[in-house]
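1. heads up, no residue letters with this:
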(Lines give C-alpha, C1' and ligand atoms only; values in the text may rest on other atoms or scores of the structure.)
Protein backbone atom coordinates (compact mmCIF):
# COMPACT_ATOMS: atom_id res chain seq x y z
CA UNK A 1 0.00 0.00 0.00
CA UNK A 2 1.35 3.39 -0.95
CA UNK A 3 1.79 5.74 1.98
CA UNK A 4 0.96 9.41 2.02
CA UNK A 5 2.84 11.30 4.72
CA UNK A 6 1.03 14.53 5.54
CA UNK A 7 2.18 17.26 7.84
CA UNK A 8 5.52 17.71 6.04
CA UNK A 9 6.51 18.36 2.46
CA UNK A 10 6.90 14.73 1.34
CA UNK A 11 3.67 13.50 -0.27
CA UNK A 12 2.72 10.55 -2.42
CA UNK A 13 -0.62 9.42 -3.79
CA UNK A 14 -2.52 7.16 -1.35
CA UNK A 15 -4.14 3.87 -2.23
CA UNK A 16 -7.28 3.68 -0.09
CA UNK A 17 -10.67 2.05 -0.07
CA UNK A 18 -9.59 -1.61 -0.28
CA UNK A 19 -11.69 -2.54 2.76
CA UNK A 20 -15.51 -2.76 2.67
CA UNK A 21 -17.05 0.67 2.96
CA UNK A 22 -18.60 1.71 6.25
CA UNK A 23 -21.88 3.55 6.58
CA UNK A 24 -24.40 4.51 9.21
CA UNK A 25 -26.90 1.97 10.48
CA UNK A 26 -29.58 3.57 8.27
CA UNK A 27 -27.38 3.29 5.15
CA UNK A 28 -26.46 6.99 4.96
CA UNK A 29 -22.81 8.12 4.74
CA UNK A 30 -20.59 8.43 7.78
CA UNK A 31 -20.29 12.09 8.80
CA UNK A 32 -16.87 13.33 9.93
CA UNK A 33 -16.00 16.67 11.51
CA UNK A 34 -12.40 17.63 10.70
CA UNK A 35 -10.91 20.43 12.82
CA UNK A 36 -7.49 21.85 11.87
CA UNK A 37 -6.26 25.32 10.96
CA UNK A 38 -3.91 24.06 8.21
CA UNK A 39 -6.04 24.37 5.08
CA UNK A 40 -3.70 22.40 2.83
CA UNK A 41 -3.79 19.55 5.32
CA UNK A 42 -7.57 19.56 5.69
CA UNK A 43 -7.93 19.50 1.90
CA UNK A 44 -5.80 16.34 1.70
CA UNK A 45 -7.62 14.60 4.53
CA UNK A 46 -10.99 15.61 3.11
CA UNK A 47 -10.14 13.99 -0.24
CA UNK A 48 -9.01 10.78 1.44
CA UNK A 49 -12.12 10.49 3.59
CA UNK A 50 -14.43 11.38 0.69
CA UNK A 51 -12.80 8.47 -1.16
CA UNK A 52 -14.21 6.30 1.63
CA UNK A 53 -17.68 7.60 0.74
CA UNK A 54 -17.96 9.71 3.89
CA UNK A 55 -19.39 13.23 4.28
CA UNK A 56 -16.85 15.70 5.65
CA UNK A 57 -17.39 19.02 7.43
CA UNK A 58 -14.28 21.14 8.02
CA UNK A 59 -13.63 23.74 10.73
CA UNK A 60 -10.46 25.85 10.94
CA UNK A 61 -10.98 27.24 14.43
CA UNK A 62 -12.61 26.27 17.72
CA UNK A 63 -15.74 28.41 17.39
CA UNK A 64 -16.54 26.98 13.97
CA UNK A 65 -15.87 23.46 15.27
CA UNK A 66 -18.35 23.75 18.13
CA UNK A 67 -20.98 25.29 15.82
CA UNK A 68 -20.63 22.56 13.19
CA UNK A 69 -20.65 19.83 15.81
CA UNK A 70 -23.97 21.02 17.19
CA UNK A 71 -25.47 21.52 13.72
CA UNK A 72 -24.21 18.38 11.98
CA UNK A 73 -23.97 15.82 14.82
CA UNK A 74 -21.00 13.96 13.29
CA UNK A 75 -20.25 10.28 13.88
CA UNK A 76 -16.55 10.93 14.56
CA UNK A 77 -14.32 13.99 15.05
CA UNK A 78 -10.69 14.56 14.00
CA UNK A 79 -9.46 17.35 16.25
CA UNK A 80 -6.17 19.25 16.19
CA UNK A 81 -4.95 20.33 19.63
CA UNK A 82 -3.32 23.57 18.44
CA UNK A 83 -6.01 25.95 17.15
CA UNK A 84 -5.82 29.74 16.79
CA UNK A 85 -8.62 30.71 19.18
CA UNK A 86 -8.66 27.83 21.72
CA UNK A 87 -6.70 24.64 22.20
CA UNK A 88 -8.29 21.34 21.23
CA UNK A 89 -8.71 20.29 24.86
CA UNK A 90 -11.03 23.27 25.39
CA UNK A 91 -13.01 22.26 22.29
CA UNK A 92 -13.19 18.69 23.55
CA UNK A 93 -14.64 19.87 26.86
CA UNK A 94 -17.41 21.75 25.03
CA UNK A 95 -18.18 18.78 22.79
CA UNK A 96 -18.38 16.43 25.75
CA UNK A 97 -20.96 18.73 27.36
CA UNK A 98 -23.51 17.53 24.78
CA UNK A 99 -25.85 14.65 25.54
CA UNK A 100 -24.52 12.49 22.70
CA UNK A 101 -21.13 10.76 22.85
CA UNK A 102 -18.96 11.07 19.73
CA UNK A 103 -15.55 9.36 19.39
CA UNK A 104 -12.70 11.86 18.96
CA UNK A 105 -9.27 11.35 17.43
CA UNK A 106 -6.64 13.95 18.30
CA UNK A 107 -4.38 14.98 15.42
CA UNK A 108 -1.42 17.12 16.45
CA UNK A 109 2.26 17.93 16.10
CA UNK A 110 2.77 17.32 19.82
CA UNK A 111 4.32 13.89 20.20
CA UNK A 112 5.48 13.62 23.82
CA UNK A 113 4.11 10.88 26.08
CA UNK A 114 2.79 13.59 28.41
CA UNK A 115 0.77 15.21 25.61
CA UNK A 116 -0.69 11.86 24.56
CA UNK A 117 -1.70 11.05 28.12
CA UNK A 118 -3.24 14.49 28.64
CA UNK A 119 -5.27 14.23 25.42
CA UNK A 120 -6.55 10.73 26.07
CA UNK A 121 -7.23 11.35 29.75
CA UNK A 122 -9.24 14.44 28.83
CA UNK A 123 -11.66 12.22 26.92
CA UNK A 124 -10.11 11.62 23.51
CA UNK A 125 -10.41 8.11 22.07
CA UNK A 126 -7.25 8.00 19.95
CA UNK A 127 -4.19 10.12 19.16
CA UNK A 128 -2.07 10.60 16.02
CA UNK A 129 0.96 12.83 15.55
CA UNK A 130 2.08 14.69 12.44
CA UNK A 131 3.44 13.59 10.02
CA UNK A 132 1.12 10.62 9.51
CA UNK A 133 -0.11 8.36 6.73
CA UNK A 134 -3.64 8.77 5.41
CA UNK A 135 -4.01 4.99 5.37
CA UNK A 136 -3.38 4.83 9.12
CA UNK A 137 -5.72 7.75 9.76
CA UNK A 138 -8.52 6.02 7.86
CA UNK A 139 -7.79 2.73 9.68
CA UNK A 140 -7.97 4.41 13.06
CA UNK A 141 -11.21 6.19 12.20
CA UNK A 142 -12.73 2.91 11.00
CA UNK A 143 -11.70 1.35 14.31
CA UNK A 144 -13.32 4.16 16.29
CA UNK A 145 -16.51 3.86 14.26
CA UNK A 146 -16.66 0.11 14.82
CA UNK A 147 -16.39 0.72 18.55
CA UNK A 148 -18.90 3.56 18.67
CA UNK A 149 -22.36 3.05 20.12
CA UNK A 150 -23.99 4.64 17.06
CA UNK A 151 -22.75 2.03 14.61
CA UNK A 152 -22.73 -1.02 16.87
CA UNK A 153 -26.02 -2.91 16.67
CA UNK A 154 -27.64 -3.23 20.06
CA UNK A 155 -27.80 -6.76 21.49
CA UNK A 156 -29.01 -8.35 24.69
CA UNK A 157 -25.58 -9.36 25.97
CA UNK A 158 -25.13 -8.73 29.68
CA UNK A 159 -21.80 -9.63 31.26
CA UNK A 160 -21.32 -10.05 34.99
CA UNK A 161 -18.03 -10.69 36.76
CA UNK A 162 -18.28 -10.42 40.54
CA UNK A 163 -19.99 -7.11 41.29
CA UNK A 164 -19.08 -5.69 37.86
CA UNK A 165 -21.87 -5.60 35.24
CA UNK A 166 -21.80 -4.55 31.58
CA UNK A 167 -24.96 -4.23 29.46
CA UNK A 168 -24.25 -4.07 25.73
CA UNK A 169 -27.67 -2.81 24.62
CA UNK A 170 -27.46 0.33 26.76
CA UNK A 171 -23.64 0.38 26.77
CA UNK A 172 -23.77 0.84 30.51
CA UNK A 173 -21.30 -0.34 33.14
CA UNK A 174 -21.69 -0.49 36.91
CA UNK A 175 -19.82 -1.93 39.85
CA UNK A 176 -21.59 -2.63 43.08
CA UNK A 177 -24.61 -0.86 41.58
CA UNK A 178 -22.67 2.37 41.01
CA UNK A 179 -22.62 3.54 37.34
CA UNK A 180 -19.24 3.98 35.65
CA UNK A 181 -18.79 6.24 32.61
CA UNK A 182 -16.46 4.88 29.91
CA UNK A 183 -15.33 6.09 26.50
CA UNK A 184 -16.17 3.85 23.53
CA UNK A 185 -12.66 2.38 23.48
CA UNK A 186 -12.63 1.77 27.24
CA UNK A 187 -16.03 0.07 26.92
CA UNK A 188 -14.83 -2.31 24.20
CA UNK A 189 -11.64 -3.12 26.10
CA UNK A 190 -13.61 -3.91 29.26
CA UNK A 191 -16.13 -5.98 27.31
CA UNK A 192 -13.33 -8.09 25.84
CA UNK A 193 -11.71 -8.60 29.25
CA UNK A 194 -15.07 -9.56 30.77
CA UNK A 195 -15.88 -11.97 27.94
CA UNK A 196 -12.61 -13.73 28.77
CA UNK A 197 -12.67 -13.32 32.53
CA UNK A 198 -10.17 -15.36 34.54
CA UNK A 199 -7.96 -15.85 31.47
CA UNK A 200 -4.62 -14.12 30.94
CA UNK A 201 -4.82 -12.18 27.66
CA UNK A 202 -1.74 -10.96 25.81
CA UNK A 203 -1.33 -7.34 24.74
CA UNK A 204 -1.09 -8.46 21.11
CA UNK A 205 -4.41 -10.31 21.31
CA UNK A 206 -6.05 -7.24 22.81
CA UNK A 207 -4.65 -5.06 20.02
CA UNK A 208 -5.98 -7.40 17.35
CA UNK A 209 -9.41 -7.97 18.89
CA UNK A 210 -10.21 -4.55 20.38
CA UNK A 211 -8.40 -2.11 18.07
CA UNK A 212 -8.85 -4.32 14.95
CA UNK A 213 -5.69 -3.11 13.23
CA UNK A 214 -1.93 -3.19 13.65
CA UNK A 215 -0.37 -0.54 15.87
CA UNK A 216 3.09 -1.49 14.59
CA UNK A 217 3.92 -3.35 17.76
CA UNK A 218 3.15 -0.34 19.94
CA UNK A 219 1.42 -2.32 22.65
CA UNK A 220 1.87 0.61 25.05
CA UNK A 221 -1.57 1.81 23.88
CA UNK A 222 -3.01 -1.25 25.67
CA UNK A 223 -1.14 -0.42 28.88
CA UNK A 224 -2.41 3.16 28.69
CA UNK A 225 -6.05 2.17 28.34
CA UNK A 226 -5.80 -0.53 30.99
CA UNK A 227 -4.53 2.16 33.36
CA UNK A 228 -7.62 4.26 32.53
CA UNK A 229 -9.91 1.29 33.21
CA UNK A 230 -8.23 0.58 36.53
CA UNK A 231 -8.81 4.17 37.67
CA UNK A 232 -12.51 3.82 36.90
CA UNK A 233 -13.18 0.16 37.74
CA UNK A 234 -10.80 -0.48 40.64
CA UNK A 235 -10.52 2.99 42.16
CA UNK A 236 -11.18 2.72 45.91
CA UNK A 237 -12.27 -0.91 45.53
CA UNK A 238 -10.60 -4.34 45.67
CA UNK A 239 -8.82 -4.74 42.30
CA UNK A 240 -10.31 -6.81 39.48
CA UNK A 241 -7.82 -6.04 36.67
CA UNK A 242 -4.44 -7.72 37.19
CA UNK A 243 -1.14 -7.67 35.32
CA UNK A 244 0.21 -11.07 34.33
CA UNK A 245 3.97 -10.66 34.06
CA UNK A 246 5.31 -11.56 30.63
CA UNK A 247 1.81 -12.05 29.19
CA UNK A 248 -0.67 -9.21 29.57
CA UNK A 249 -3.78 -8.74 31.67
CA UNK A 250 -6.45 -10.73 33.46
CA UNK A 251 -9.84 -9.70 34.88
CA UNK A 252 -11.38 -11.71 37.72
CA UNK A 253 -13.80 -11.15 40.62
CA UNK A 254 -12.32 -9.21 43.51
CA UNK A 255 -11.15 -11.36 46.40
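-> It's in. On a predicted model such as this, the values are computed, not experimentally measured, just so you know. Residues are numbered from 1 along each chain as shown.

2. in what helix or strand does residue 174 lie?
-> With secondary structure defined by DSSP states H and E, residue 174 is part of strand 172-175.

3. thought residue 199 was touching residue 249?
-> No: using C-beta atoms under 8 Å, residue 199 is not in contact with residue 249; the gap is 9.9 Å. Glycine gets a C-beta too; all of them are placed from N, C-alpha and C.

4. Compare neighbour counts for those two and give me the winner.
-> A direct count of neighbours by other C-beta atoms under 10 Å for residue 199 and residue 249 places residue 249 higher, at 22 against 13.

5. is it true that that one lies in a strand?
-> Yes: counting by DSSP: H, G, I helix; E, B strand; the rest coil, residue 249 is part of a strand.

6. Look up the closest residue to residue 157, ignoring the ones flanking it.
-> Distance criterion C-beta to C-beta, 6 or more residues apart in numbering; nearest residue to residue 157, sequence neighbours excluded, is residue 168 at 4.1 Å.

7. so how many other residues sit close to that neighbour?
-> The local packing of residue 168 (other C-beta under 10 Å) involves 17 other residues.

8. so it touches residue 190, yeah?
-> No: taking C-beta under 8 Å as the definition, residue 168 is not a contact partner of residue 190, at 11.2 Å.

9. who's in contact with the residue lying closest to residue 60 once chain neighbours are set aside?
-> Leaving aside its chain neighbours, residue 60 sits nearest to residue 37 (4.9 Å; criterion: C-beta to C-beta, 6+ apart). Residue 37 makes contact with 60, 61, 80, 82, 83, 84, according to C-beta atoms under 8 Å, 6 or more residues apart in numbering.

10. Please flag which of those sit within strands.
-> Counted as lying in strands by DSSP state E, out of the contacts of residue 37, are residue 80.

11. For the contacts of residue 37, please prepare CSV with the additional fields distance to residue 127.
-> Below are the contacts of residue 37 laid out as CSV (distance: C-beta to C-beta, whole Å):
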residue, distance to residue 127
60, 21
61, 21
80, 12
82, 14
83, 16
84, 21
